[in-house]
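K.L.:
Give the three-dimensional model of this entry:
(4 chains)
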2 protein chains.
Amino acid sequence: MTGADIVLEAVGEPNRRRLLELLHLHQESTVSELVDASGLNQPQVSKHLKVLATAMLVAVRADGRHRHYRLDGTGLQVAHDWFASFEDVWQSRFDTLDELVSTQPNPIPAEEQLP
Amino acid sequence: MTGADIVLEAVGEPNRRRLLELLHLHQESTVSELVDASGLNQPQVSKHLKVLATAMLVAVRADGRHRHYRLDGTGLQVAHDWFASFEDVWQSRFDTLDELVSTQPNPIPAEEQLP
DNA sequence: ACTATATATTCCTCGCTGGGAATGCAATAC
DNA sequence: GTATTGCATTCCCAGCGAGGAATATATAGT
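P.N.:
Numbers count the residues shown, from 1 in each chain, chains lettered A, B, ... in the order given. Below you'll find the model as predicted:
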């Protein structure tokens, strides 16, 4: 079991996605900067960041009384790979056409199959 | 605004992810088949499928009193693209190294910077 | 020492949502 | 026609989780 459950449940929350997007713009951000940028108050930002950290979506770097948060590729890649496993669903956009082709092995020289 | 919010919130639920994975194995499934395969009871499956349908993650095909559900690439691709926009985060795996390089333009001939 | 700043944590509350049971509603079977 | 099957919908309830206020903790500044 990959941590996909924890990751996708963490990303299910809108404000947490906003924090991820903010962290994507500015490489690193302190909690205060995220508070100003997100409009949330400080306790909520800290709590959301905690959830994101346990999902390995963000990483922390302590610096004095500041804590610099940055994105962590680990969790992000887990989520990305989970959706990537469904790529075949939309990459075959010829839904009904594909079924037709796969059931008819040789479309052009069809006479060869006849006795 | 893309429907990413609706999609990612729909996928945040574990049982809904199970339904998506089940639909990925069997190309199409009726509600009864999903009930048997998932262990959930019928009303829950119907409700979860409704959420997935409004997120354009599944599509329905009516056939008599049966309803065949299949994956819909629309919502899946939206979610995939949202995570793909973060690809740069994990594709540069040399996190600390990158910082070093970007702050020191000429790594080898360092003496040139000295007075 | 005291004060102020930065962040985390606790407590409480409230709204939302998933789960369960019952019901509604078509469509097939008899 | 009635009965039955397949699915959707409604109702209610319990629990979880996000939000807010207050508090705790630590570090820097004076």
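K.L.:
Can you name the residues of chain A that neighbour chain B?
P.N.:
Applying Cβ under 8 Å from any Cβ of the partner chain, we find that chain A lies next to chain B at A:5, A:8-9, A:11-14, A:17, A:20, A:24, A:71-74, A:76-77, A:79-80, A:83-87, A:89-91, A:93. In this view, the C-beta of every residue, glycine as well, is placed from N, C-alpha and C.
K.L.:
Cross-check these against DNA strand D and keep the overlap.
P.N.:
Filtering these for proximity to DNA strand D by Cβ under 7 Å from any atom of the strand leaves A:Glu13.
K.L.:
distance between the helix or strand containing A:Glu21 and the chain's centre?
P.N.:
Using DSSP states H and E, A:Glu21 sits in helix A:14-25. Relative to its chain's centre, helix A:14-25 lies at 12 Å (Cα atoms, centre = their mean, to the nearest Å).
K.L.:
One more: stretch A:60-75?
P.N.:
Distance of stretch A:60-75 from the chain centroid (Cα atoms, centre = their mean) equals 19 Å.
K.L.:
Are it and DNA strand C in contact anywhere?
P.N.:
Yes - with Cβ under 7 Å from any atom of the strand as the criterion, DNA strand C is reached by stretch A:60-75 at A:Val60, A:Arg65, A:His66, A:Arg67.
K.L.:
Ok, stretch A:22-35 next?
P.N.:
Yes - Stretch A:22-35 is in contact with DNA strand C by Cβ under 7 Å from any atom of the strand, via A:Thr30, A:Val31, A:Ser32, A:Val35.
K.L.:
Over to the one residue in chain A that gets nearest to DNA strand D: give its phi and psi.
P.N.:
Closest contact between chain A and DNA strand D, by Cβ to the nearest atom of the strand, is at A:Gly64 (3.1 Å). Note on A:Gly64: its backbone torsions stand at phi 60, psi -130 [degrees, to the nearest 10].
K.L.:
next one: A:Arg65
P.N.:
phi -90, psi 0.
K.L.:
can you check A:Val58 too?
P.N.:
phi -140, psi 160.
K.L.:
Tell me which stretches of chain A form helices.
P.N.:
Taking DSSP state H as the test, the helices found in chain A are A:4-11, A:14-25, A:31-38, A:42-54, A:73-84, A:87-91, A:95-103.
K.L.:
and these as a markdown table, adding mean pLDDT and mean neighbour count?
P.N.:
Listed next are the helices of chain A as a markdown table, based on pLDDT from 0 to 100; neighbours: other Cβ atoms under 10 Å in any protein chain shown:
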| stretch | mean pLDDT | mean neighbour count |
| --- | --- | --- |
| helix A:4-11 | 96 | 20 |
| helix A:14-25 | 97 | 17 |
| helix A:31-38 | 96 | 16 |
| helix A:42-54 | 97 | 16 |
| helix A:73-84 | 96 | 21 |
| helix A:87-91 | 91 | 15 |
| helix A:95-103 | 59 | 10 |
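K.L.:
Out of these, the one nearest B:Val51 is which?
P.N.:
Closest approach to B:Val51 among the helices of chain A (Cβ to Cβ): helix A:4-11, 14.5 Å.
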